[in-house]
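**Student:** sequence and computational prediction follow.
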Amino acid sequence: MKYEIKFLMLLRVALASYFILHTSYLRAQMPQIATHAPLAAIPAQLPDQDSADDRPCFTLDGRTMYFGSRRQSNDPWRVPDQNPKWKWDCDLWSRVLTDSGWSPPINLGPTINNSGGQLNPTISPRGDELYYVNGGNPILWKARLVDGKFLPPQPVPGELNNIYALKQYAEGHFDDSIKMVILQEMAPDSDLRLRAPDAWDLHFREHLVQHLKTQMAVDFFQGMIRCESTITPDGKLAIISENFGKRGTYGMDGEGGEDLWLVKISPNGRWGDTVLRMDHVNTQFDETYPFIASDDRTLYFTSNRPCTTCPPGTSGGQDLYRSVWNGKEWSNPVPLGPPFNSSADDYGFSIGPDGKTAYFVSNRDGKSRLYQVNLRPEDSAIAPNPVVILQGQVTDATTHKPLAGEIFIDDLTEGKNQFSVYSDSVSGNYVLAAERGHRFGIQAIAADHLPRSERFEVPSDKPFDRTKLNLELTPVSIGAMLEFKNVAFGTGKAELLPESKLELDRVVLFLNSSSRKDKTTSSTTLEIAGHTDDVGSIADNQKLSEERAGAVRDYLISRGVAGGRLKAVGYGKSKPLVKGKSEQARARNRRVEMTITSESD
């Protein structure tokens with residue numbers, strides 16, 4: 001018995017020692033396995049921040065933000081609002097990112113701002129066109145930025161402003177019609193207007209409220225013009241918030257209340273020749289303040305829809321939501337939750353291209369103000385996908401003058417064209433955002449010039465950065481040469497890899513288009529030249545270069561280019577571009593080129 005007791009005592013000591021040691025081990029490991037501290041929303045850390053500031057929008061390079069504000073302006077041209085309770089109407093302001101952070105706010109001044117209200121700005125991805133709401137008619141205006149100065153603003157061309165004009169006309173007609181009905185109803189009490197004007201006005205308003213409550217389209221006809229907008233990174237679409245009517249009842253087939261709409265932006269700057277409702281996002285409630293992130297797939301917006309899945313205290317009158325484009329449709333919106341959403345009104349989300357600092361407006365402390373949340377790498381469920389910003393200038397290689405062209409981005413990792421952007425016709429500037437972790441091909445095409453292509457890779461494990469890539473395009477002439485930077489083959493083989501067809505197909509379009517427009521080009525012969533590196537024998541490299549040049553020629557012919565214009569030639573390893581035996585040098589020497597050689601017989 002005594003041995004059993006002694007054994008039990010030893011067992012207890014051993015177990016106690018085990019638990020002490022194990023607990024100490026767990027505590028030692030806590031810094032590695034502990035969950036991260038929750039995110040926090042703090043008042044926006046911006047110089048000279050004011051509670052009258054609205055949410056900002058950003059140029060795609062993230063170096064300038066624009067925002068509307070009713071903050072007081074000391075500029076002599078500014079005229080106070082006639083309403084004594086509203087000291088200033090809304091102006092447009094900007095901040096510039098410097099080495100020390102964001103600059104103090106800069107009033108854009110005349111000719112954009114005036115004694116009226118300018119609000120809801122959005123900037124084109126290149127940063128050279130500012131769009132905003134100016135009140136009155138037309139609703140939507142734009143101002144072009146040239147050499148750091150805004151030119152006089154102009155109404156935005158296209159159907160969208162026409163739709164707004166019709167909406168304003170309908171609202172005015174609807175308002176006048178209701179007032180006429182009320183006056184007829186109150187005609188028997190017309191003497192009341194003389195005896196007690198205040199009482200008559202009170203009864204008039206009571207009748208007005210009653211009529212508004214019973215009119216099926218009151219939310220449409222009495223709704224204010226919003227036109228809160230955001231422009232996709234390729235500059236080809238805008239997403240706006242507006243009440244354009246309810247499906248099956250009136251207007252333009254919306255869900256009711258404020259909806260989000262896709263608006264096409266044509267190359268010549270027209271807005272709204274195509275206006276589409278955004279499915280899977282809109283509800284019978286209000287959807288406002290859209291913001292498309294620089295990854296071109298993450299959408300943030302505000303909605304007053306009831307959140308049945310939100311814990312108490314994490315949903316209020318207005319909440320922030322996130323939806324992602326999967327290539328076919330928008331995902332079901334998900335509330336951002338704390339610290340973005342609260343039991344108060346939270347609205348107007350935006351975030352710069354680096355994905356680090358998110359801004360939004362909230363009245364959680366009783367007064368609306370701009371807040372910020374500093375996101376971390378582990379907050380990928382909230383942040384957009386990380387990108388790299390590529391920007392530069394498209395110019396003529398001979399005159400060095402700017403060119404208006406289209407720059408195509410091919411995702412070589414997935415073997416598909418990703419998108420395209422336009423360079424500015426005045427400055428030649430372009431800017432685009434490419435998703436990290438992919439290989440990309442870039443190809444610039446401009447009228448009367450040979451295409452220019454490059455290849456670049458965006459590692460996924462590096463921080464946000466901006467890369468400059470200027471593109472010089474050679475004018476179409478005898479001797480002009482094009483190198484196919486994104487035409488690739490298997491090692492030691494002559495079969496085109498699928499990714500090569502993306503670039504070659506656009507070269508086909510260019511050649512066929514040139515043949516129709518330019519008699520000189522259509523009467524030239526083109527040499528397709530194959531080159532190899534220095535690995536292997538002269539004979540093997542010569543044969544391989546000929547076969548690769550032939551493969552490109554055959555593909556161009558199969559896509560409609562006249563075979564008589566094309567001659568395939570192999571140069572083996574006899575014409576290297578660079579010297580050296582490094583892999584980088586050899587990769588540079590392995591290439592296929594196309595040269596305009598001479599006029600054909």
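**Tutor:** Here it is on my side, so go on.

**Student:** and the helices in this protein, which stretches?
**Tutor:** Using DSSP state H, the helices of the chain run over 2-33, 159-185, 190-195, 197-214, 218-221, 500-517, 519-522, 538-558, 583-589.

**Student:** counting by contacts, list what the third one packs against.
**Tutor:** This means helix 190-195. Using 3 or more CB pairs under 8 Å, 6 or more residues apart in numbering; DSSP states H and E as the contact definition, the elements that helix 190-195 packs against are helix 197-214. In this view, the C-beta of every residue, glycine as well, is placed from N, C-alpha and C.

**Student:** surely residue 552 and residue 568 touch.
**Tutor:** Yes - under the criterion of CB atoms under 8 Å, residue 552 lies in contact with residue 568, with a separation of 7.3 Å.

**Student:** need the contact list for the residue nearest to residue 239 when sequence neighbours are not counted.
**Tutor:** Residue nearest to residue 239 in three dimensions, not counting chain neighbours: residue 290, with 4.3 Å by CB to CB, 6 or more residues apart in numbering. Contact criterion CB atoms under 8 Å, 6 or more residues apart in numbering gives 228, 229, 230, 239, 240, 241, 260, 299, 300, 301 as the residues in contact with residue 290.

**Student:** gap between residue 290 and residue 66?
**Tutor:** When CB to CB, to the nearest Å is applied, the distance between residue 290 and residue 66 equals 16 Å.

**Student:** and residue 265, how far is that from residue 569?
**Tutor:** Taking CB to CB as the measure, residue 265 falls 44 Å from residue 569.

**Student:** between these two, which has more neighbouring residues?
**Tutor:** A direct count of neighbours by other CB atoms under 10 Å for residue 265 and residue 569 places residue 265 higher, at 24 against 17.

**Student:** tell me the confidence at the more buried one?
**Tutor:** At residue 265 the predicted local confidence, pLDDT, stands at 95.

**Student:** again with residue 155
**Tutor:** Looking at residue 155, its pLDDT is 95.

**Student:** cool, the one 5 residues further on as well?
**Tutor:** Note on residue 160: pLDDT of 92.

**Student:** so who does it touch?
**Tutor:** Contact analysis of residue 160 by CB under 8 Å, 6+ apart lists 140, 240, 263, 271, 272, 275.

**Student:** quickly list what the second one is bridged to.
**Tutor:** Translated: residue 240. Bridge pairing for residue 240 (DSSP bridges) gives the partners residue 229, residue 261.

**Student:** isn't it up against residue 264?
**Tutor:** No - using CB under 8 Å, residue 240 is not in contact with residue 264, being 11.5 Å away.

**Student:** which of those two has more residues huddled nearby?
**Tutor:** Per other CB under 10 Å, whichever of residue 240 and residue 264 has more neighbours is residue 240, with 27 against 17.

**Student:** for this structure, name the helix or strand with the lowest mean pLDDT.
**Tutor:** When the helices and strands of the chain are compared on mean pLDDT, DSSP states H and E, helix 2-33 comes out lowest with a mean of 43.

**Student:** for stretch 527-544, which positions count as buried?
**Tutor:** Burial within stretch 527-544, assessed by neighbour count using 16 or more other CB atoms under 10 Å, is assigned to 527, 528, 529, 530, 531, 532, 533, 541, 542, 543, 544.

**Student:** what lies in contact with it?
**Tutor:** With CB under 8 Å, 6+ apart as the criterion, stretch 527-544 contacts 492, 494, 545-550, 552-553, 556, 566-573, 575-577, 581, 585-587, 589-595, 597.

**Student:** just how off-centre is stretch 368-379 within its chain?
**Tutor:** Here the centre of mass of C-alpha atoms in stretch 368-379, compared against the chain's by CA atoms, centre = their mean, to the nearest Å, lies 19 Å away.

**Student:** residues making contact with that stretch?
**Tutor:** Counting by CB under 8 Å, 6+ apart, residues outside stretch 368-379 touching it are 36, 39-46, 49, 51, 53-56, 339-340, 345, 351, 355-363, 382-383.
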